[in-house]
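**Q** here are the coordinates; sequence isn't available:
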Ligand SMILES: *Cc1c(COP(=O)(O)O)cnc(C)c1O
Ligand code: SF4
């Protein structure tokens, strides 16, 4: 496999992308305007191997990585466009853009407070513990990606405003926390993309945990990553590729399940030789690859695309895991699908594939109480309803209990839905209690 040298393109140097000669002036203007508000980064692999520039307007990966005009409201767009046309100072531009970012719900579903655990009487920065079994860790050095997805719900991590950042410089407190919390079986490294870290840096975060691993109850280590779509060379030709693979093997040899949670949005991402080679290298260590993706307009709102995505993943020995709904943040309106539409696509795709692909669950809505899946559309007592269930709950007892919401073709997230057959959803009173109890512990009273 020939080596490609990583080259990223952001607002500073995107004009050097040769393929932009195929892009209309209007669309280039959109990159400039929207790219000032929402993070923008592409790289040479994405540009050369994944995007079909002759049809860029309909290209899913172009939509996935390049800012689009409609990602901002026309009002916000105009404000930024005018500021750029008037050549306002850098500080002024930053403050205008920051103002807009603040209006785009940068921390949905109470991430900032509700999910941050306490240790020694202090909030642990860069750690989230929402579901009993699983702790999320956000290492500071992994708060970037090989390219940025335009729909990213972690986008505040990538823009200059420090108050929107949420990460941890080191993992010693986490190591202590895990020793004291044996209900935690899963540790999930996330970001950004932790696989942007080189081996030495990643090792530095893992080491304090690894030293005490026998005193914890960790059964699974997960690494959430989009590097298998954006920069697979990381597992093939990079200088430290072998070191990283050896580290994977060390984890597996210890009897711990290592799950690479790979983010793939479209089958085209699975089509190149380099991605296949990277997958083979990872699987050879004994690690598993599980896959997940949100469902979005302009990228993958088609049952055939999903069926092909799952089939290709299974062909490559990856395990389909989640289909998510858009989170209520950033450019959500541009990408979001109504719940009913997402469910129809899921159902149609799911019905086209064999049981081996049906390890996937979804469509799943992440919200303050948990992850809620749409199990179906039904008619009960003459009323059309949506059948729902928790895949994950802030209270584990909520999981796998069926409940119902009024059928609603417009609704696109849980807070749009109204309960059917009752005044409240069964978990609402308890959620309220949890909310108020945590609220009083919380410094920054900033929730959904
Ligand atoms: C999805 C998610 C997890 C993992 O849930 P699983 O069902 O175990 O995959 C953990 N923490 C948070 C905050 C999540 O959103
Ligand atoms: S790879 Fe993940 S964290 Fe990075 S920009 Fe895409 S969605 Fe966001």
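**A** That came through, no problem. This structure is a prediction, so every number in the text was calculated from the model and none was measured. Ligands and ions are numbered 1, 2, ... in the order given.

**Q** Make sure residue 136 is actually in contact with residue 126.
**A** No. Under the criterion of C-beta atoms under 8 Å, residue 136 lies out of contact with residue 126, with a separation of 9.0 Å. Placement of C-beta: from N, CA and C, glycine included.

**Q** What are the contacting residues of the helix or strand where residue 282 lies?
**A** In this structure, residue 282 sits in helix 273-284 according to DSSP states H and E. Here helix 273-284 makes contact (C-beta atoms under 8 Å, 6 or more residues apart in numbering) with 1, 45, 49, 228-229, 232-236, 241, 245, 248, 260, 269-270, 289, 316-318.

**Q** Filter those down to the buried ones.
**A** Burial by neighbour count, judged by 16 or more other C-beta atoms under 10 Å, picks out 45, 49, 228-229, 232-236, 241, 245, 248, 260, 269-270, 289, 316, 318 from the contacts of helix 273-284.

**Q** Pull out the buried residues from stretch 400-418.
**A** 403, 404, 405, 407, 408, 411, 412, 413, 414, 417.

**Q** swap in stretch 89-100?
**A** 93, 96, 97, 98, 100.

**Q** if you look at those residues, which of them are in helices?
**A** The helices in this structure, assigned by DSSP state H, contain 93, 96, 97, 98, 100 from the buried residues of stretch 89-100.

**Q** who in this structure is up against ligand 2?
**A** By the criterion of C-beta under 6 Å from any ligand atom, the positions of the chain lying close to ligand 2 are 145, 148, 149, 152, 154, 191, 192, 193, 226, 263.

**Q** Report the angle between whatever helix or strand comes next after the helix holding residue 282 and helix 273-284.
**A** Beyond helix 273-284 in the direction of the C-terminus, DSSP H and E gives the next helix or strand as strand 288-294. For strand 288-294 against helix 273-284, the angle between stretch directions is 130 degrees (axes from the mean of the first three to the mean of the last three C-alpha atoms, to 10 degrees).

**Q** Strand 288-294 near ligand 1 at all?
**A** No. For strand 288-294, no contact with ligand 1 is found by C-beta under 6 Å from any ligand atom; the gap never falls below 8.5 Å.

**Q** model confidence over stretch 139-156, on average?
**A** This predicted structure assigns stretch 139-156 an average pLDDT of 88.

**Q** Buried residues in it, which are they?
**A** Taking 16+ other C-beta under 10 Å as the criterion, stretch 139-156 shows 139-156 as buried.

**Q** Please apply the same query to stretch 256-273.
**A** So stretch 256-273, judged by 16+ other C-beta under 10 Å, has buried residues 256-270.

**Q** Just the ones in strands from those, please.
**A** Within the buried residues of stretch 256-273, residues falling in strands by DSSP state E are 257, 258, 259, 260, 261, 262, 263.

**Q** Next, the angle strand 288-294 makes with the helix or strand where residue 350 lies.
**A** In this assignment (DSSP H and E), residue 350 forms part of helix 339-352. For the pair helix 339-352 and strand 288-294, the angle between their directions (the same axes, to 10 degrees) equals 140 degrees.

**Q** Quick one: name whatever helix or strand follows the helix or strand hosting residue 365.
**A** Secondary-structure element containing residue 365, defined by DSSP H and E: strand 361-367. Past strand 361-367, heading to the C-terminal end, the next element that is a helix or strand (DSSP H and E) is strand 370-380.

**Q** how many degrees apart are that next one and strand 361-367 in direction?
**A** Computed by the same axes, to 10 degrees, the angle between strand 370-380 and strand 361-367 is 120 degrees.

**Q** in strand 370-380, what's buried?
**A** Judged by neighbour count (16+ other C-beta under 10 Å), strand 370-380 contains these buried residues: 370, 371, 372, 373, 374.

**Q** which strands and helices sit next to it?
**A** Counting contacts by 3 or more C-beta pairs under 8 Å, 6 or more residues apart in numbering; DSSP states H and E, the secondary-structure elements packed against strand 370-380 are helix 339-352, strand 361-367, strand 383-393.

**Q** right, and these - which one's nearest ligand 1?
**A** Each of the helices and strands packed on strand 370-380 has some distance to ligand 1 by C-beta to the nearest ligand atom; the shortest is strand 383-393, at 4.5 Å.

**Q** Which other helices and strands does the closest one contact?
**A** strand 127-131, helix 339-352, strand 370-380, strand 403-406.

**Q** Let me have those in JSON lines, extended by mean pLDDT and distance to residue 106.
**A** Listed next are the helices and strands packed on strand 383-393 as JSON lines, based on pLDDT from 0 to 100; distance: least, C-beta to C-beta, whole Å:
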{"stretch": "strand 127-131", "mean pLDDT": "94", "distance to residue 106": "15"}
{"stretch": "helix 339-352", "mean pLDDT": "98", "distance to residue 106": "23"}
{"stretch": "strand 370-380", "mean pLDDT": "97", "distance to residue 106": "21"}
{"stretch": "strand 403-406", "mean pLDDT": "98", "distance to residue 106": "27"}
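
**Q** can you list these in JSON lines and add distance to residue 323?
**A** Listed next are the helices and strands packed on strand 383-393 as JSON lines, based on distance: least, C-beta to C-beta, whole Å:
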{"stretch": "strand 127-131", "distance to residue 323": "18"}
{"stretch": "helix 339-352", "distance to residue 323": "6"}
{"stretch": "strand 370-380", "distance to residue 323": "9"}
{"stretch": "strand 403-406", "distance to residue 323": "19"}
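
**Q** Residue 68: which of the ones you listed is closest?
**A** Go through the helices and strands packed on strand 383-393 one by one with C-beta to C-beta and the one that ends up closest to residue 68 is helix 339-352, at 19.9 Å.

**Q** can you list the residues that contact the closest one?
**A** 295, 301-307, 310, 323, 325, 337, 357-358, 360, 362-363, 365, 374, 376-377, 386, 407-409, 411-413, 416-417.

**Q** List the buried residues in stretch 42-57.
**A** Using 16+ other C-beta under 10 Å as the test for burial, stretch 42-57 gives 42, 43, 44, 45, 46, 47, 49, 50, 51, 53, 56.

**Q** Let me see the domain layout of the protein.
**A** Each domain of the chain is listed here as a residue range: 8-102, 118-438, per automatic domain parsing.

**Q** So which of these has the densest surroundings on average?
**A** Stretch with highest mean neighbour count among the domains of the chain: domain 118-438 (a mean of 18; mean count of other C-beta atoms under 10 Å).

**Q** coming back round to it: now flag whichever of the buried residues of stretch 256-273 is closest to ligand 2.
**A** For the buried residues of stretch 256-273, the minimum distance to ligand 2 (C-beta to the nearest ligand atom) is 5.6 Å, reached by residue 263.
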